[in-house]
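Peer 1: Got a predicted structure here, sequence first:
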Amino acid sequence: MIVNAENITKSFGQLQVLKGVDFKADEAEVVAIMGASGAGKSTLLQILGTLSTPDSGSLTIDGTDVLRLGSRDLASFRNRRIGFVFQAHHLLPEFTALENVMIPGLIGGKSSREARQRAEELLETVGLGKRLGHKPSELSGGELSRVAIARALQMAPAIVFADEPTGNLDTRTKEEIHSLFFDLRKQLGQTFVIVTHDPGLASLCDRTCVMQDGLIISA
């Protein structure tokens, strides 16, 4: 089991957003999380990705009790074992596609040569082998998504969390990115947890967890 979260709670002031959520994901599993706006999906994803801390509960990722890690060890763990793909991509505009994909490797202590080689391989895998030198402003929405996915895989993470990764793409491009997730699962054995409003994407996943009012009501 790659992720095991039990009885996760989270409040913001008087508003309890998560009310005791249990969530699990296995190796090479692709799991969708769905639910209406305000159901707690993004809050749960932030906690599962160690970007936010729950008020209570337990969280084990790839065999590590992440809630017991200090801030420095947690940042190192996040860099090595967790990948992120966001709808807004968060690519650095002054860097090329290749350089953006290299960044997590350089932060994680890889040599420039090693990070570059891994980035080139990943960009080739996601279909951007001929776009290495292009900056984000020179790439389409689908290409930006592919760069973001490649960047998330730079450190060969145990799990990739994606938050509405295709929410602002046209139908054809969206379907191409959806297929890419499953190609990567097949090639790399990658685990994905994807928050989405897209029933088409959810239908492709191994399992869909439906959230309502701070709880998972169907898994």
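Peer 2: Received it, and whenever you're ready, just let me know what you need.
Peer 1: any idea of the pLDDT on Thr208?
Peer 2: At Thr208, the pLDDT value in this model is 97.
Peer 1: For the helix ranked longest in the chain, buried residues please.
Peer 2: With DSSP state H setting the assignment, residue counts place helix 171-188 as the longest helix in the chain. Within helix 171-188, the residues that count as buried by 16 or more other C-beta atoms under 10 Å are 173-174, 176-178, 180-181, 184-185. Any C-beta I mention is one placed from the backbone N, CA and C, and that applies to glycine too.
Peer 1: same question, stretch 131-141
Peer 2: Of the residues in stretch 131-141, those buried under the neighbour-count criterion (16+ other C-beta under 10 Å) are 131-132, 136, 139.
Peer 1: swap in stretch 9-27?
Peer 2: Neighbour counts over stretch 9-27 (16+ other C-beta under 10 Å) mark 9-10, 17-18, 21, 23-25 as buried.
Peer 1: got the end-to-end distance for it?
Peer 2: Chord length of stretch 9-27, first to last residue, is 25 Å (C-alpha to C-alpha, to the nearest Å).
Peer 1: what's next to it, contact-wise?
Peer 2: When contacts are taken as C-beta atoms under 8 Å, 6 or more residues apart in numbering, the neighbours of stretch 9-27 outside the stretch itself are 1-8, 31, 40, 43-44, 47-48, 52, 54-57, 159, 189, 191, 193, 209, 211, 213-216, 219.
Peer 1: show me where this protein has helices.
Peer 2: According to DSSP H, the helices that the chain contains are 41-48, 71-81, 97-107, 112-125, 141-152, 171-188, 199-204.
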